[in-house]
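Colleague: What follows is a predicted protein model with its sequence.
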Amino acid sequence: MDYSEFGIVETEGSKAIRAIDEALANKSNGKIVGQKDTKGKPDLTLIPYKSLVAVSKVREFGNAKYGSKWAWRENTQKDDLVKAALRHILKYTDPNEADIDDESGLNHLHHAAASLLMAIDLDK
């Protein structure tokens, strides 16, 4: 996979780790000796890596802009995050608008995803 657009270059070490992960996942017996019981726990590896990187970059921008990693949890309403996501989606889908947010220089879909993930986090 090519993650260079996010400034990520895969190293030999990360390629080796990926190969080990794939080998373990493809074991024919499906059970590894001493394997931790993950039954009923979410498999976070199902979230596409490129998406995690994209959302992280939006969050980094927000942290720099607002000065706090978690301020949004106290100062933001879930509905405001959903509205922000919709604005970014509409800008992304509008043929007269650029796909890139003017202020951050990041893709509008990435902003929308970050907003929706924060809204999910606030959902009770």
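Modeller: In hand now; what should we look at?

Colleague: And the helices in the chain, which stretches?
Modeller: Under the criterion DSSP state H, the chain contains helices at 12-25, 49-66, 71-75, 78-93, 108-122.

Colleague: what pLDDT does the most centrally placed residue in the chain get?
Modeller: With distances taken as Cα atoms, centre = their mean, Leu52 lies nearest the centre of the chain, 2.4 Å away. Reading off the per-residue confidence, Leu52 sits at a pLDDT of 95.

Colleague: Output the helices of the chain in JSON lines; the columns should cover distance to Gly40.
Modeller: C-beta coordinates here come from the backbone N, C-alpha and C atoms, glycine included. Formatted as JSON lines, the helices of the chain follow (distance: least, Cβ to Cβ, whole Å):
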{"stretch": "helix 12-25", "distance to Gly40": "19"}
{"stretch": "helix 49-66", "distance to Gly40": "22"}
{"stretch": "helix 71-75", "distance to Gly40": "27"}
{"stretch": "helix 78-93", "distance to Gly40": "27"}
{"stretch": "helix 108-122", "distance to Gly40": "20"}
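
Colleague: and of these, who's closest to Ile100?
Modeller: With Cβ to Cβ as the criterion, Ile100 lies closest to helix 108-122 of those, at 7.2 Å.

Colleague: who touches the closest one?
Modeller: Contacts of helix 108-122 with the rest of the structure, by Cβ atoms under 8 Å, 6 or more residues apart in numbering, involve 51, 54-55, 57-59, 62, 72-73, 76-78, 81-82, 84-86, 88-89, 91-92, 97, 99-101, 104.

Colleague: Drop anything exposed from those.
Modeller: When the contacts of helix 108-122 are checked for burial by 16 or more other Cβ atoms under 10 Å, the buried set is 54-55, 57-59, 62, 72, 76, 81-82, 84-85, 88-89, 91-92, 101, 104.

Colleague: re earlier: point out the most buried one among the helices of the chain.
Modeller: Of those, the one with the most neighbours on average (mean count of other Cβ atoms under 10 Å) is helix 108-122, at a mean of 20.

Colleague: what's the angle between it and helix 78-93?
Modeller: 160 degrees (axes from the mean of the first three to the mean of the last three Cα atoms, to 10 degrees).

Colleague: Just give me how far the helix or strand bottoming out on mean pLDDT in the chain sits from the chain centre.
Modeller: Least confident element among the helices and strands of the chain, by mean pLDDT, DSSP states H and E: helix 12-25 (a mean of 70). With Cα atoms, centre = their mean, to the nearest Å as the basis, the distance from the averaged C-alpha position of helix 12-25 to the chain average is 21 Å.
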